[in-house]
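Trainee: coordinates for the following, if possible.
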Amino acid sequence: MFALFQAYGPDQFHTVSAWIYVGCSKEDVKLLAWSHNVDNEYWKNMTTIDCILTIHLMWMSEFKGKKVWDGEFWMKCAKEILLEGHDGDRRAIQRHNALFQCTFRDESLWNLQEMIFSMWMRQELKG
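Mentor: As a prediction, this is how the structure comes out:
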């Protein structure tokens, strides 16, 4: 780097100030990333498919595909995807029951759903 600096001079290189965050919780990191992206307009809302894929991944990693009706796990998923009511109101989570029902599927049904999701993302679904 120093050789490049000497070859091209100080006008070609600039310094950038950076903040370094240490000891943040997982939630703090998400909020920092979200606020940075909002400030720079690099954000997008999670689609329903994004939410379903996230919850399915959490379910598979935690329960290995076993059926689960654990309200605490539903709350954990809702918090992860910032779903309305993730702050502890179970009735608010129940309004999104269909979202959770789409995620807790065995492998054969899940593979079909995933195929439809990927077709939709590639804009291959018709009428």
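
Trainee: how about the closest residue to residue 58 other than its chain neighbours, what does it touch?
Mentor: Nearest non-adjacent residue to residue 58, counting by Cβ to Cβ, 6 or more residues apart in numbering: residue 77, 5.7 Å away. In this view, the C-beta of every residue, glycine as well, is placed from N, C-alpha and C. Listed by Cβ atoms under 8 Å, 6 or more residues apart in numbering, the contact set of residue 77 reads 54-55, 58-59, 83, 100.

Trainee: ok, of these, which one's closest to residue 122?
Mentor: residue 54 (19.9 Å; Cβ to Cβ).

Trainee: mind telling me what element the closest one is part of?
Mentor: Per DSSP states H and E, residue 54 falls inside helix 48-63.

Trainee: residues in contact with that helix: which ones?
Mentor: Under the contact criterion Cβ under 8 Å, 6+ apart, helix 48-63 has outside partners 46, 65, 68, 73, 76-77, 80-81, 83, 99-100, 102-105, 110, 113, 117, 120-121.

Trainee: what's the mean pLDDT across it?
Mentor: Taken as a whole, helix 48-63 has a mean pLDDT of 87.

Trainee: and whichever helix or strand comes after it, which residues are buried?
Mentor: Using DSSP H and E, the next helix or strand after helix 48-63 towards the C-terminus is helix 71-80. Along helix 71-80, these residues count as buried under the neighbour rule (16 or more other Cβ atoms under 10 Å): 73-75, 77-78, 80.

Trainee: could you export those residues as TSV, including distance to residue 50 and pLDDT?
Mentor: As requested, those are exported to TSV (distance: Cβ to Cβ, whole Å; pLDDT from 0 to 100):
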residue	distance to residue 50	pLDDT
73	19	84
74	17	83
75	19	84
77	13	85
78	14	85
80	11	83
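
Trainee: out of those residues, which is nearest to residue 34?
Mentor: Taking Cβ to Cβ as the measure, residue 34 lies nearest residue 80 of the buried residues of helix 71-80, at 13.0 Å.

Trainee: about what we covered before: ok, the buried residues of helix 71-80 vs residue 29, which is closest?
Mentor: Using Cβ to Cβ, residue 80 comes nearest to residue 29 of these, at 12.8 Å.

Trainee: with that, I have no additional questions.
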